[in-house]
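>>> predicted model and sequence below, questions to follow.
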Amino acid sequence: MVKPMHLEFETTVPPPQMVRALRELISEVGWEKERTEGSRMVDRWAIIMPIATHARTLGLVIKSGPLTGMEMQCWSHTPGSAGEVHHMVFHFSNRHPIDRVHEFIQHWVVLLPRSPFKWTKGEKLILGFLLPLFRRSRKAFAAVGVPIAKNQWPQKELPDWSQWAPSINQSEEE
């Protein structure tokens, strides 16, 4: 049985830039992709009460290659009175090797225009210094193998893409 899985990241990079990096990465490997748009229900806190609103989502679905069926969605929302938090979710099934998914995410992070887990002091000031999302974001990226220590972004030692080539050829033959 195929079990749906997902990885969610809170980032400093806006959705259009995240999708652009994904599109470049997928095109570089030669896989087919499909663009998706939609909306997602998010909560915005007003004083002590949550207010439900919708956020526009952008995304891509991989149509060929070893990660066929994997979907990426991203959106932004304002959790409080000011400042946007950007989210990225990778939806995949348990038939995708988790190591491959982690390698794919590591290659995606390198293509982003800035470090996705380091907020500036100004951004933290607008969002609120005590929010748990700053640490949660660093932990989420570290869990997939992205180095989060100071001066280690962008990642220098990436997994080799040549190991993906046999998988691409096998999926085309099937």
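All right, it came through fine.
>>> what's near enough to touch the residue nearest to the spatial centre of the chain?
Nearest residue to the geometric centre of the chain (Cα atoms, centre = their mean): Met88, 3.8 Å. Residues in contact with Met88 (Cβ atoms under 8 Å, 6 or more residues apart in numbering) are Glu8, Phe9, Thr11, Pro15, Met18, Met72, Gln73, Cys74. Bear in mind the C-beta positions are built from the backbone N, C-alpha and C, glycine included.
>>> now, the most widely separated pair of those?
Glu8 and Pro15 (13.7 Å; Cβ to Cβ).
>>> of the two, who's got more company?
Here Glu8 and Pro15 are compared on neighbour count by other Cβ atoms under 10 Å; more neighbours surround Pro15, at 21 against 13.
>>> the closest residue to the more buried one other than its chain neighbours - how many residues pack around it?
Once flanking residues are discounted, Pro15 sits nearest to Cys74: 4.1 Å by Cβ to Cβ, 6 or more residues apart in numbering. Using other Cβ under 10 Å, Cys74 has 26 neighbouring residues.
>>> give me the distance from the host helix or strand of Met88 to the chain's centre.
Met88 is part of strand 85-93, with elements assigned from DSSP states H and E. In this view, strand 85-93 has its centroid 5 Å away from the chain centroid, taken as Cα atoms, centre = their mean, to the nearest Å.
>>> do the same with stretch 143-163
With Cα atoms, centre = their mean, you get 15 Å for stretch 143-163.
>>> can you pull out the residues in contact with that stretch?
So stretch 143-163 is contacted by 7, 29, 101-103, 105-107, 109-110, 115, 117-118, 138, 141-142 (Cβ under 8 Å, 6+ apart).
>>> narrow the residues you listed to those in strands?
Leu7 (DSSP state E).
>>> most neighbours among the contacts of stretch 143-163, which one?
The most crowded member of the contacts of stretch 143-163, judged by other Cβ under 10 Å, is Val109 (26 neighbours).
>>> for the closest residue to that residue other than its chain neighbours, what are phi and psi?
In this structure, Val109 finds its nearest non-sequential neighbour in Val146, 5.2 Å apart by Cβ to Cβ, 6+ apart. In this entry, Val146 is assigned phi and psi values of phi -80, psi 120 (degrees, to the nearest 10).
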